[in-house]
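[1] build me a model:
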Amino acid sequence: MAGDFIRQLDDSGMGRGRSLFQKLHIDLPLFVMLLVLVLGGLFILYSASGQNMHMVSRQMVYFAIGFGCMLVIAQFNPHWFQLAAPWMFGAGIIALLLVLAVGVGAKGAQRWLSIFGVFRFQPSEIMKLAVPMMLAWFMASKLMPPNFKVIVQALVLIFIPTLLIMKQPDLGTSLLIASSGLLVLLFAGLSWRWVTLAVMIVLAVAPMMWFGVMHDYQKQRVLTFLDPESDPLGSGWNIIQSKTAIGSGGIEGKGWLQGTQSQLEFLPERHTDFIIAVFAEEQGLIGVLLLLMLYLMIVIRGIYMASRARDSFSRLLGGSLIVTFFIYVFVNIGMVSGILPVVGVPLPLVSYGGTSIVTLMAAFGVIMSIYTHRQV
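    Have a look, this model is predicted:
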């Protein structure tokens with residue numbers, strides 16, 4: 001049903017503005033849905049931040065930069081992304097190495113690079129684009145479905161940045177970036193036999209990861225996920241307060257700015273990772289379902305656009321980017337509602353953040369370029 005609606009939007013062109021947006025290589029249906037999500041996110045952030053207009057203003061600046069990046073990137077022919085992929089990937093690896101050597105730390109993690117002490121950014125965010133782009137570049141020149149040799153080579157490309165990001169440490173981002181690369185392999189026709197084998201290997205090495213790779217706080221997050229009540233005033237506080245906020249919202253919610261868990265500051269990280277709990281408390285189940293419907297429409301539209309790409313590289317890249325976006329949404333809502341461990345993943349285009357917003361909008365610029373240049 002949602003897919004039919006989105007295709008109708010595409011066919012109708014949504015009025016007289018279609019020709020202008022075509023010239024700008026902007027897909028109007030996707031642009032409108034993103035704009036609605038962004039505007040709604042600003043209202044949610046205003047409440048979640050304790051009515052902090054400074055934070056909302058900074059978020060508006062990030063969105064302005066993000067939409068600008070999306071517009072600029074959409075102008076490029078996908079062929080340029082294919083040429084730039086190995087260079088972008090290499091630059092990202094160098095940046096990740098610099099993070100480990102001279103990076104800026106905060107809250108026990110070293111994830112940022114500082115530019116002249118004024119501006120800082122997170123190289124791992126760049127890899128959210130660079131990894132699927134590199135894998136799409138690599139797989140596009142190979143026979144599909146991939147054979148064992150190609151699979152091994154692709155896994156090496158995926159796990160080099162994944163391990164570097166895990167060292168920061170940032171388990172959530174590393175797993176999401178790994179998933180974006182693995183999605184390219186899956187879309188390239190990876191046999192389910194290999195998928196089953198990979199799952200078995202992961203289960204076999206899980207004990208080694210637990211004792212040899214994962215940090216103490218990461219282990220605690222898993223234990224808290226299994227039994228948050230074991231430490232209700234410590235490690236279990238976040239998820240207990242989050243579930244309390246979601247449940248107290250009921251069907252219709254308490255109303256904008258009326259949430260007690262968030263406004264009285266019981267809910268931690270309420271403007272970033274746990275912002276959906278603020279929204280659920282204030283707007284209830286109905287509001288959450290509407291937000292999920294908007295996310296679903298964006299994902300369906302993105303999949304449709306990727307499927308119309310003119311070559312293997314574009315299809316693999318577009319498909320990976322939009323499904324990774326869906327995974328971000330799923331993981332954030334899953335961890336906030338207690339069905340997944342807390343891994344520090346923000347809600348896309350709603351949670352407060354700079355680099356992540358710009359990276360996501362850049363990814364949508366790539367998807368728009370893939371779709372609007374398919375007949376150029």
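
[2] mind listing the strands for the stretch 51-200 of the chain?
    104-106, 109-115, 119-121 (DSSP state E, counting those that start in this stretch).

[3] list the buried residues in the last one.
    Just to be clear, that refers to strand 119-121. Under the neighbour-count criterion of 16 or more other C-beta atoms under 10 Å, strand 119-121 has Arg120, Phe121 buried. Any C-beta I mention is one placed from the backbone N, CA and C, and that applies to glycine too.

[4] one more: the longest one?
    Residues of strand 109-115 classed as buried under the neighbour-count rule (16+ other C-beta under 10 Å) are Gln110, Arg111, Trp112, Leu113.

[5] for the last one, give me the pLDDT.
    This points to Leu113. For Leu113, the pLDDT comes out at 79.

[6] closest to His79 out of the strands of the stretch 51-200 of the chain?
    Of all the strands of the stretch 51-200 of the chain, strand 119-121 sits nearest to His79, with 27.2 Å by C-beta to C-beta.

[7] residues contacting Val323?
    Residues in contact with Val323, defined by C-beta atoms under 8 Å, 6 or more residues apart in numbering, are Leu183, Val299, Ile303.

[8] rewinding a little: and the strands of the stretch 51-200 of the chain as CSV, adding distance to Ile151?
    Output for the strands of the stretch 51-200 of the chain, formatted as CSV (distance: least, C-beta to C-beta, whole Å):
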stretch, distance to Ile151
strand 104-106, 36
strand 109-115, 30
strand 119-121, 32
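
[9] save the contacts of Val323 as TSV, and put in pLDDT, neighbour count and distance to Pro169 too.
    Shown next, in TSV, are the contacts of Val323 (pLDDT from 0 to 100; neighbours: other C-beta atoms under 10 Å; distance: C-beta to C-beta, whole Å):
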residue	pLDDT	neighbour count	distance to Pro169
Leu183	90	21	23
Val299	96	16	29
Ile303	94	18	32
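
[10] quick one: which of those sit in helices?
    Leu183, Val299, Ile303 (DSSP state H).

[11] list just the nearest of the residues you listed to Val343.
    Once C-beta to C-beta is applied, the member of these that ends up nearest Val343 is Leu183, at 17.9 Å.

[12] pLDDT below threshold where in the stretch 1-150 of the chain?
    Along the stretch 1-150 of the chain, the parts satisfying pLDDT under 70 run over 1-19, 105-109, 116-118.
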